[in-house]
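Q: here is the input, now give the coordinates:
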Amino acid sequence: MDRLWYALHVRSRFEKPVLAQLEGKGYEAFLPTYTSVRRWSDRTKSVTLPLFPNYVFCRFDVHARLPILVTPGVNFVVGAGKSPTAVDDNEIAALRYLLDSEVAPQPWPYIGVGETVQVVAGPLCGLTGIVLRTKGCDRLIVSISLLMRSVAVEVDRRHIEPLPETLTAHSRIVGSNYA
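A: Next up, the predicted model:
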């Protein structure tokens, strides 16, 4: 039984109910979230939103996916045509590491090309990703290639170093508990 991570495309705003149902069925499911401050004319409120709207990650045997597909709110398993494609374990591990680090992630447009760096100090030490400079600050971009989506966090330039060319895969974690 080969249990890999897969991305599930779910109905809009059904991420949390799908997560609860999958966990209730005994599956390991993962919904990365972030906090956003929303302002209305009469108030300001912090809301928790999915980093990847319409997607929930789940670890399961692809040959026994019917219980996943019949879960209310699940549209399909992401893949090429009718063949589901697994999400790289290193990308899920990098995303979990980033969320556990207590930095403030935010959704970011997918970056396919750029300099890959490794964080060598601070709360994200050991994480690799692509560095981008916007609005006067550096951001570390961690991507989920299959979904063509990314997450960004601010990073101190003094805490990053370019990776040797042999280790330039996106979001690979070196020497962490998540690898």
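
Q: hey, which helix or strand in the protein has the poorest pLDDT?
A: strand 160-162 (a mean of 82; mean pLDDT, DSSP states H and E).

Q: tell me what that strand is packed against?
A: Here strand 160-162 touches strand 116-119, going by 3 or more C-beta pairs under 8 Å, 6 or more residues apart in numbering; DSSP states H and E. The way it works is simple: take the backbone N, C-alpha and C, and place the C-beta from them, glycine included.

Q: how about a cut-off of 10 Å?
A: strand 116-119, strand 128-134 (3 or more C-beta pairs under 10 Å, 6 or more residues apart in numbering; DSSP states H and E).

Q: Serialize those strands to CSV and add fields for mean pLDDT, distance to residue 67 and mean neighbour count.
A: Putting the helices and strands packed on strand 160-162 into CSV (pLDDT from 0 to 100; distance: least, C-beta to C-beta, whole Å; neighbours: other C-beta atoms under 10 Å) gives the following:
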stretch, mean pLDDT, distance to residue 67, mean neighbour count
strand 116-119, 85, 38, 22
strand 128-134, 84, 34, 19
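
Q: tell me which of those strands lies nearest to residue 84.
A: Among the helices and strands packed on strand 160-162, strand 128-134 comes nearest to residue 84, with 25.3 Å by C-beta to C-beta.

Q: what angle sits between whatever helix or strand comes next after that closest one and strand 128-134?
A: Counting by DSSP states H and E, the next helix or strand C-terminal to strand 128-134 is strand 137-144. Between strand 137-144 and strand 128-134, the angle comes out at 140 degrees (axes from the mean of the first three to the mean of the last three C-alpha atoms, to 10 degrees).

Q: paired strands for strand 137-144, with orientation please.
A: strand 128-134 (antiparallel), strand 149-154 (antiparallel) (DSSP bridges).

Q: follow-up on the earlier one: can you list the strands that the least confident helix or strand of the chain pairs with?
A: strand 116-119 (antiparallel).

Q: from the middle of its chain, how far away would the partner strand be?
A: Relative to its parent chain, strand 116-119 has a centroid offset of 17 Å by C-alpha atoms, centre = their mean, to the nearest Å.
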